[in-house]
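> My questions are about this predicted structure, shown below with the sequence.
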There are 2 protein chains.
Amino acid sequence: MPQSVERWVERIRSGDSRAIARAITWVEDEAPEAAALLNALRPVAGGAYRIGLTGPPGVGKSSLTDRLIRLLRGLGHRVGVVAVDPTSPFTGGALLGDRVRMVDHALDPGVFIRSMGTRGRLGGLARSTKDVLDLLDAAGYDVVIAETVGVGQSELDVVHAVDTVILALGPAGGDQVQMLKAGIMEIADIFVVNKADLPGADRTVRLIRYMVDLAHRRGWRPPVLAASASEGRGVEDLWEQILRHRTYLEESGEGRKRRLRRVEDAVWDQVLARVQGAFLQWKAARPDWERVLEEVANGRRGLEDVVDEILHSVDFSAGKAEGGVL
Amino acid sequence: MPQSVERWVERIRSGDSRAIARAITWVEDEAPEAAALLNALRPVAGGAYRIGLTGPPGVGKSSLTDRLIRLLRGLGHRVGVVAVDPTSPFTGGALLGDRVRMVDHALDPGVFIRSMGTRGRLGGLARSTKDVLDLLDAAGYDVVIAETVGVGQSELDVVHAVDTVILALGPAGGDQVQMLKAGIMEIADIFVVNKADLPGADRTVRLIRYMVDLAHRRGWRPPVLAASASEGRGVEDLWEQILRHRTYLEESGEGRKRRLRRVEDAVWDQVLARVQGAFLQWKAARPDWERVLEEVANGRRGLEDVVDEILHSVDFSAGKAEGGVL
């Protein structure tokens, strides 16, 4: 870090987009600078409203985000977006779409968009996304959007980092919808059937409403909206429902619960990083570690036994956080 | 567990497919029975050759697996397959394809096929897959195949659980291939361009060979094969290359390294489960935990400080393993 942490905090809080971009790169690279910066920034975060937009590929999530950005800019809000595509090592999709979007909003200092793929590393994307949301929050954006392709478990984890989760589906999502597992239905605060100008959308909306009715118990009943991002239809309605959900979160105490869970997640992530650091340190000082693994592999020693030894002999309070996963 | 662990171990080792199916369900549900059984089975595992087959959706991975099964059955090998599709809550694909395949091999006691989606839970799929590989290994299958859609990070983790990783791509994968990140190129021991009867396959094969040449340093040079699973072409060649890779692993010492890394992964997973258990126990006995989180949320107390307190006061050696992720 060529400048002091304080200087970076200052630059980021003032909305300096080059500083923000640099900080995000540190987060992506799991550089030591990231941890120091995030610890300094978290106390000033919390002002942004956080939206998660997820759904299968091809339903028009980025068009929806785009329309939402325009609407929010018209209302005077500053908007930060992190688009996460864990499939990008295969498809490259997010990065390409990102460049197109960048151009659209390049001259607007009130918009910050960044996309993240796996960048060749195979770990930590969910954690990185949460960290970037904290960064954008601390940078003073009024609304922060995490756009994710809702596949793998870790991508779905991102929903724990936001206030309102929007699940977007396509017009022919009828069959798709019937395959949605309980876990997916339950994460959505708002459903949007996009491309509502295409056939099948009405049926899909009705089907989701029916499923919501079946699953509904008490508290917030997720609205099911139709939208056409390409035509700009339904986006104001979407924003209205987001505001209505925000009010619900505040009044019901659910918002406070979500905030505390986010803090607990962040605490737990750091505990795990430190535990891992302590283990790696302990392992490095144990020249016979490979022999131990060999014994387990050959069935001469039980796995449980080695686990017990580690838990009894590693001083977990001594470890420094290590980047990455073992 | 209605019978003793010993009885279940016996049934599974004898290849009783109903017992194996039940055990896999325990693994999926993270039931306490799973841990006990796996600990008892791991010492007898290690006899199977483990193959990972990954790649983007739609390249014909399940057809390739199918052809491989037939070839291996012809050679007298027993084959166990676990097909993992983390996208199934959205697409439902794996489960459907699985049923079709089940019918093909339903009468053959030498074949066991099981697919896993997220089953509504949003965690632990990579861990479950590794456990199922251990189960099938212990059950005496000669060759065990993990078929995964290579999206999210955790799905790619599965490659650490196998001996030979096959990366399958489509014939028009040229552009796709150029987007492959270093991390993906490096996990493949063998490349297969499937649907080689379709246009573009030759170019894709040449392109991957070129990229392999660029990336190649020393040791194993991943072969790049063309195949057409629908026509049954290239599958014998694939098996030959798998055997060649197996020989390489044995002679170079790389195989031993991979086995030890697998043991270390399993040790580490159990350490994490126990650490989490200890933390949850500690938290439950701390009625002011919510107030602590509130203080962090309000910036009155630093996150690091709470992390330090946890690492100093939780007795990690006391925890029982807990299923799931916090």
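Thanks, I have it.

> With only the CA atoms kept, save stretch A:192-201 in CSV.
The C-alpha trace of stretch A:192-201 is given here as CSV (Å, rounded to 0.1, in the frame of the first residue of the first chain):
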residue,chain,number,x,y,z
VAL,A,192,-39.6,-10.5,-11.4
VAL,A,193,-40.6,-12.3,-14.5
ASN,A,194,-38.6,-10.4,-17.1
LYS,A,195,-39.1,-10.3,-20.9
ALA,A,196,-42.8,-10.1,-20.1
ASP,A,197,-43.4,-9.0,-23.8
LEU,A,198,-42.7,-12.6,-24.8
PRO,A,199,-45.2,-15.5,-24.7
GLY,A,200,-45.6,-17.4,-21.5
ALA,A,201,-44.9,-14.6,-19.0
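
> right, is it up against chain B?
No - Stretch A:192-201 lies apart from chain B when judged by CB under 8 Å from any CB of the partner chain; the minimum separation is 14.5 Å. For the C-beta atoms, the positions are set from N, CA and C on the backbone; glycine is no exception.

> Could you do stretch A:54-73 as well?
Yes - applying CB under 8 Å from any CB, one finds stretch A:54-73 touching chain B at A:55-56.

> Report pLDDT for the residue nearest to A:S63 when sequence neighbours are not counted.
Spatial nearest neighbour of A:S63, excluding adjacent residues (CB to CB, 6 or more residues apart in numbering or on different chains): A:A229 at 3.7 Å. Note on A:A229: pLDDT of 92.

> what's the angle from the top helix by length along chain A to helix B:254-284?
In chain A, assigned by DSSP state H, the helix with the most residues is helix A:254-284. Between the axis of helix A:254-284 and that of helix B:254-284 there is an angle of 140 degrees, by axes from the mean of the first three to the mean of the last three CA atoms, to 10 degrees.

> How about helix A:254-284 and chain B, touching?
Yes - judged by CB under 8 Å from any CB, helix A:254-284 comes into contact with chain B at A:259-260, A:263-268, A:270-272, A:274-275, A:279.

> Need those in a markdown table (columns: pLDDT).
Formatted as a markdown table, the residues of helix A:254-284 next to chain B follow (pLDDT from 0 to 100):
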| residue | pLDDT |
| --- | --- |
| A:R259 | 89 |
| A:L260 | 92 |
| A:V263 | 89 |
| A:E264 | 91 |
| A:D265 | 86 |
| A:A266 | 85 |
| A:V267 | 90 |
| A:W268 | 88 |
| A:Q270 | 85 |
| A:V271 | 90 |
| A:L272 | 87 |
| A:R274 | 88 |
| A:V275 | 91 |
| A:F279 | 91 |
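
> Look at the residue lying closest to A:V59 once chain neighbours are set aside and say how many residues are nearby.
Of all residues not flanking A:V59 in the chain, A:G170 sits nearest, at 4.4 Å (CB to CB, 6+ apart). Using other CB atoms under 10 Å in any protein chain shown, A:G170 has 22 other residues around it.

> mind checking how far A:G170 is from A:W239?
21 Å (CB to CB, to the nearest Å).

> next one: A:D315
In terms of CB to CB, A:D315 sits 51 Å off from A:W239.

> same thing with A:L107?
23 Å.

> The two: which is more packed in?
Shown here are A:L107 and A:W239; by other CB under 10 Å, A:W239 has more neighbours (18 against 7).

> Specify which residues of chain A, grouped into ranges, have pLDDT under the cut-off.
For chain A, the stretches with pLDDT under 70 are A:1-2, A:85-104, A:117-125, A:150-156, A:173-184, A:319-326.

> mind giving me the domain ranges of it?
According to automatic domain parsing, chain A comprises the domains A:45-252, A:264-318.

> Ramachandran coordinates for A:V111?
phi -130, psi 130 (degrees, to the nearest 10).

> For the residue nearest the centre of chain A, give me its contacts.
What sits nearest the mean C-alpha location of chain A, by CA atoms, centre = their mean, is A:V158, with 3.3 Å. Shown in contact with A:V158 (CB atoms under 8 Å, 6 or more residues apart in numbering or on different chains): A:52, A:54, A:84, A:126, A:129-130, A:146, A:148.

> what about it, distance to A:V149?
From A:V158 over to A:V149 (counting by CB to CB), the distance is 10 Å.

> hang on, the residue nearest to A:V59 packs against A:F191?
No - distance between A:G170 and A:F191: 12.0 Å, which falls outside the contact criterion (CB atoms under 8 Å).
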